[in-house]
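Asker: A structural model of the following input is requested.
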Amino acid sequence: MKVSKKLLIGSALTGAVALGVIGLNLPPSVSAMSDKPEAKAAPMASGKTYNATFYVAGMGGHFAEAVAEIDPGAEQPIKVTKLTKIDIGDRDTHPTHDARIDNNDRNTMFWSTYKIDKEAHGVHVGKTDLRTGKIIQDMIVDVPEKATNTKSMYCASGQSKDTFIPLSMTSLGYIDVFNKSDLKRTQRVFLEGTDADTGPYKFYHGNSNNAMNRLLVIKNAADAPHGKTSGKMDLVELDMDSLNQGKVKVLNKGTVAGTPGSITFRAYYSPDDSLIAASGADVMFLIDAKTLEAIDVEPMGNLEQNHDAMFTPDGKYIIATSRTKQVGLECENPEKPKEGEFTMDGQLKLYDVAAKKFVGQPTSVCLACHTKEGVEEHAILCGLDANFK
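Answerer: Residues are numbered from 1 along each chain as shown. The predicted model follows:
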């Protein structure tokens, strides 16, 4: 989607002061946060700080690589000190939603692509060396005949010690299992007709737990296969050893619900596997991993859409990705901007687990670079992974 350069400049002006003061951080325009009391965020008392390098998946065929400091007590708790990118391809061949760092080797990141590469007649699955930014391997993967509605392909993923496991957003949805060593696909699993079949749905998402012995599958309940969603999500935990053998063994089931407009995307377990943070578009879910019931259904800002959520290493905070509409200067209704009146930015925001609320202001990890490079495209992020120091 082309966005006029005039609009890009207008949107960037909302963060011009911050660019001059703290370099790469680009706060949202005033209208990018909802006026609803439950969506406002306030700084917390200063405590432990964190340092991390975030890898944020984007539709441009690259990952934003954002080196950041996190101070939960600051007005803007996530401060980006260096922003670059890691390319895996281009917008036509390698749009990606999926960042998955190898738990065995934190210098290796697996990824999968969101669209079919028309010339290659398949989707891509690959891995990248984070030390050099170079691709280690890039494989073309076929699309099964049973998978119709192929506009959206891989998005979420999990892993075991030896396998990388992306989930498709097709209908029928499916789960692929690849060897980490050579990216050979060893299994392809459909859940229809198994104990994990929960009825009509639109999109599979999920993640593995940190023990890597369970794969969580989250399905948006729908009125028909790939139909209209209701805001209810069915959660199913699968036994990882069985899945790696192409078998479906259900360990746990649950349901959470947001608003009628909620739709889930990626998710993470807490470091001790006791909680799950799941994105829900207009909300973010904090879920009890034992009961698979929602502890908090936290609203996002009025112009924000949550697509991933991961914990800090101590489990005290959650970093959430947001597609945030930066409203242009000529927008007639800043609460409901029309296409052409906003620039989509990718942002990170911080959630306090104990307080059960977002704290401080979000931070751009996309628009600052897009504006600097004169990129006239919306910044469409999704998945997130990170190395903490």
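
Asker: okay, Lys202 and Phe110: tell me how far apart.
Answerer: Separation of Lys202 from Phe110 (C-beta to C-beta, to the nearest Å) stands at 25 Å. Placement of C-beta: from N, CA and C, glycine included.

Asker: same question for Met153.
Answerer: Separation of Met153 from Phe110 (C-beta to C-beta): 15 Å.

Asker: His370 belongs to a helix?
Answerer: Yes. His370 sits within a helix when classified using DSSP: H, G, I helix; E, B strand; the rest coil.

Asker: what's the local residue count around it?
Answerer: 26 (other C-beta atoms under 10 Å).

Asker: which non-adjacent residue is nearest it?
Answerer: Closest residue to His370 apart from its sequence neighbours, by C-beta to C-beta, 6 or more residues apart in numbering: Ala379 at 5.4 Å.

Asker: just to revisit the earlier point, neighbour count for Lys202 and Phe110, which is higher?
Answerer: Per other C-beta under 10 Å, whichever of Lys202 and Phe110 has more neighbours is Phe110, with 25 against 22.

Asker: residue contacts, the more buried one?
Answerer: Contacts for Phe110 (C-beta atoms under 8 Å, 6 or more residues apart in numbering) come out as Asp98, Arg100, Ile101, Asp102, Val125, Gly126, Lys127, Ser157, Gln159, Phe164, Lys180.

Asker: could you pull up phi and psi at it?
Answerer: Per-residue torsions, Phe110: phi -90, psi 150 (degrees, to the nearest 10).

Asker: bridge partners for it, pull those for me.
Answerer: Beta-bridge partners for Phe110, by DSSP bridges, are Arg100, Lys127.

Asker: what pLDDT does it get?
Answerer: Predicted confidence (pLDDT) for Phe110: 98.

Asker: ok, so what distance separates it from Glu69?
Answerer: 27 Å.

Asker: list the contacts for Asp197?
Answerer: Neighbours of Asp197 in contact, by C-beta under 8 Å, 6+ apart: Leu191.

Asker: and the helix or strand where Lys325 lies, what does it pack against?
Answerer: Element membership of Lys325, judged by DSSP states H and E, is strand 317-327. Strand 317-327 is packed against strand 50-58, strand 275-279, strand 283-288, strand 304-311, strand 342-352, strand 357-364, strand 381-388, with contacts defined by 3 or more C-beta pairs under 8 Å, 6 or more residues apart in numbering; DSSP states H and E.

Asker: of those, which is nearest Glu192?
Answerer: Between Glu192 and those, the shortest gap by C-beta to C-beta is with strand 275-279, which sits at 22.6 Å.

Asker: can you give me the helices for the stretch 101-250 of the chain?
Answerer: 240-243 (DSSP state H, counting those that start in this stretch).

Asker: which of the helices and strands in the chain ranks last by mean pLDDT?
Answerer: When the helices and strands of the chain are compared on mean pLDDT, DSSP states H and E, helix 16-22 comes out lowest with a mean of 30.

Asker: ok, and for stretch 93-102, which residues are buried?
Answerer: In terms of neighbour count (16 or more other C-beta atoms under 10 Å), stretch 93-102 has its buried residues at Thr93, His94, Pro95, Thr96, His97, Asp98, Ala99, Arg100, Ile101, Asp102.

Asker: ok, now stretch 167-180?
Answerer: 167-178, 180.

Asker: cool, and stretch 187-196?
Answerer: Of the residues in stretch 187-196, those buried (16+ other C-beta under 10 Å) are Gln187, Arg188, Val189, Phe190, Leu191, Ala196.

Asker: separation between the nearest residue to the fourth one once chain neighbours are set aside and Tyr204?
Answerer: In other words, Phe190. Nearest residue to Phe190 in three dimensions, chain neighbours excluded: Tyr174, at 5.2 Å (C-beta to C-beta, 6+ apart). To Tyr204, Tyr174 is 8 Å away according to C-beta to C-beta.

Asker: try Phe311
Answerer: To Tyr204, Phe311 is 22 Å away according to C-beta to C-beta.

Asker: the two: who's more crowded?
Answerer: Tyr204 (25 against 21).

Asker: how about that one, what does it touch?
Answerer: By C-beta under 8 Å, 6+ apart, the contact set of Tyr204 is Ala156, Leu167, Ser168, Met169, Gly173, Tyr174, Ile175, Val217, Ile218, Lys219.

Asker: change it to 6 Å
Answerer: Contacts for Tyr204 (C-beta atoms under 6 Å, 6 or more residues apart in numbering) come out as Leu167, Gly173, Val217, Lys219.

Asker: tell me the two of the residues you listed that are most distant?
Answerer: The distance between the two most remote of those (C-beta to C-beta) is 9.9 Å, for Leu167 and Lys219.

Asker: report the beta-bridge partner residues of Val256.
Answerer: If you apply DSSP bridges, the partners that Val256 bridges to are Met233.

Asker: ok, it - contacts?
Answerer: Contacts of Val256 by C-beta under 6 Å, 6+ apart are Met233, Phe285, Ala294.

Asker: since that was my last question, I'll sign off now.
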